[in-house]
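Asker: after the sequence you'll find the predicted model.
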Amino acid sequence: MPENPLEAICITIGRISLSVQTNLSKLISISQKPPESINVKVSASASAPPTANSSVLATSSYLPQSTDLHTKQAGPVTREELGRATWTFIHTLGAQYPEKPTRQQKKDVKELMAIISRIYPCKECADHFKEVLRSNPVQPGSQAEFSQWLCRVHNVVNRSLGKPTFPCERVDARWGKLDCEHRMCDLQGSTTFFD
Ligand SMILES: Cc1cc2nc3c(=O)[nH]c(=O)nc-3n(C[C@H](O)[C@H](O)[C@H](O)COP(=O)(O)OP(=O)(O)OC[C@H]3O[C@@H](n4cnc5c(N)ncnc54)[C@H](O)[C@@H]3O)c2cc1C
């Protein structure tokens, strides 16, 4: 025990301050953990009996999820993310589209494009796409025809947004067929290994 009472007070204040700093830094490191590390903990403990800690972590899996769980925190989807996701869907459909589509499949893709132009959840984009479709009617005759048409209409949108256009001769290289075992994802009428 120091002889000087002032020295004792200083030591005590020093200890309290150190303890506050340590706990604060622990708290900050928890709140800055990326979402994937939270998810890993939840799934890793899924079969284990719940503990006070694991039930708190589990609630985080009910939060709204982003389009890419590994790179983004939960929150509303941006117009850009929605656009990229929609183009991914549309171009993948183009890559999977059959060489010899049935009458129904041709009707379906025409309807799909018309539906997108009506209910795409960005009114400005939907209205613009309606105009794009009016001057570029869907060409659903074959896989090559449809995927090239998609590339051209995507380029119309790119140009309107001041983005560079995509070389359509590279569309098959960019959007290959879905990586699906034994091509089980191929649409009816597609050429398969079993033909
Ligand atoms: C139907 C529709 C209408 C839209 N209208 C609007 C709008 O009016 N205003 C607005 O702000 N946003 C609109 N968007 C979103 C916009 O097109 C983009 O998706 C968004 O800006 C993100 O752009 P990005 O540069 O990441 O690439 P995106 O344009 O989303 O493209 C994704 C990827 O597709 C590839 N790609 C690019 N061009 C082509 C092409 N021609 N053919 C094949 N592959 C290609 C590239 O590898 C690119 O990285 C629309 C989206 C859709 C689906």
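Answerer: Here it is on my side, so go on.
Asker: can we go C-alpha only for contacts and neighbour counts from here?
Answerer: OK.
Asker: which stretches of this structure have low pLDDT?
Answerer: By pLDDT under 70, the low-scoring segments of the chain are 1-72, 191-195.
Asker: show me this structure divided up by domain.
Answerer: Domain assignment of the chain by automatic domain parsing yields the ranges 5-62, 79-183.
Asker: return the set of buried residues in the helix or strand hosting Lys106.
Answerer: When secondary structure is defined using DSSP states H and E, the element that contains Lys106 is helix 103-119. For helix 103-119, a neighbour-count test (16 or more other CA atoms under 10 Å) marks 105-106, 109-110, 113-114, 116-118 as buried.
Asker: run through who's touching the following helix or strand past that helix.
Answerer: The element immediately downstream of helix 103-119 (helix or strand, assigned by DSSP H and E) is helix 123-135. Judged by CA atoms under 8 Å, 6 or more residues apart in numbering, the contacts made with helix 123-135 from elsewhere in the structure are 114, 116-120, 153, 156-157.
Asker: which of the residues in helix 123-135 are classified as buried?
Answerer: So helix 123-135, judged by 16+ other CA under 10 Å, has buried residues 125-126, 129-130, 132.
Asker: the very next helix or strand once past it vs helix 103-119, what angle?
Answerer: Elements were assigned by DSSP H and E; along the chain past helix 123-135, the next helix or strand is helix 143-160. Following axes from the mean of the first three to the mean of the last three CA atoms, to 10 degrees, one obtains 10 degrees for the angle between helix 143-160 and helix 103-119.
Asker: output the contacting helices and strands for the helix or strand just after helix 143-160.
Answerer: Once the chain leaves helix 143-160, the next helix or strand it forms, by DSSP H and E, is helix 171-174. Packed against helix 171-174 by the contact rule (3 or more CA pairs under 8 Å, 6 or more residues apart in numbering; DSSP states H and E) you find helix 143-160.
Asker: next to the ligand, which bits of the chain? Give me the list.
Answerer: Contacts of the chain with the ligand, taken as CA under 6 Å from any ligand atom, map to 80, 83-84, 86-87, 124-125, 128-129, 151-152, 154-155, 157, 165-166, 171.
Asker: quick one: residues contacting Cys151.
Answerer: Going by CA under 8 Å, 6+ apart, Cys151 touches 166, 168, 171.
Asker: circling back: which of the contacts of helix 123-135 lies closest to the ligand?
Answerer: Checking these against the ligand by CA to the nearest ligand atom gives Val157 as the nearest, at 5.8 Å.
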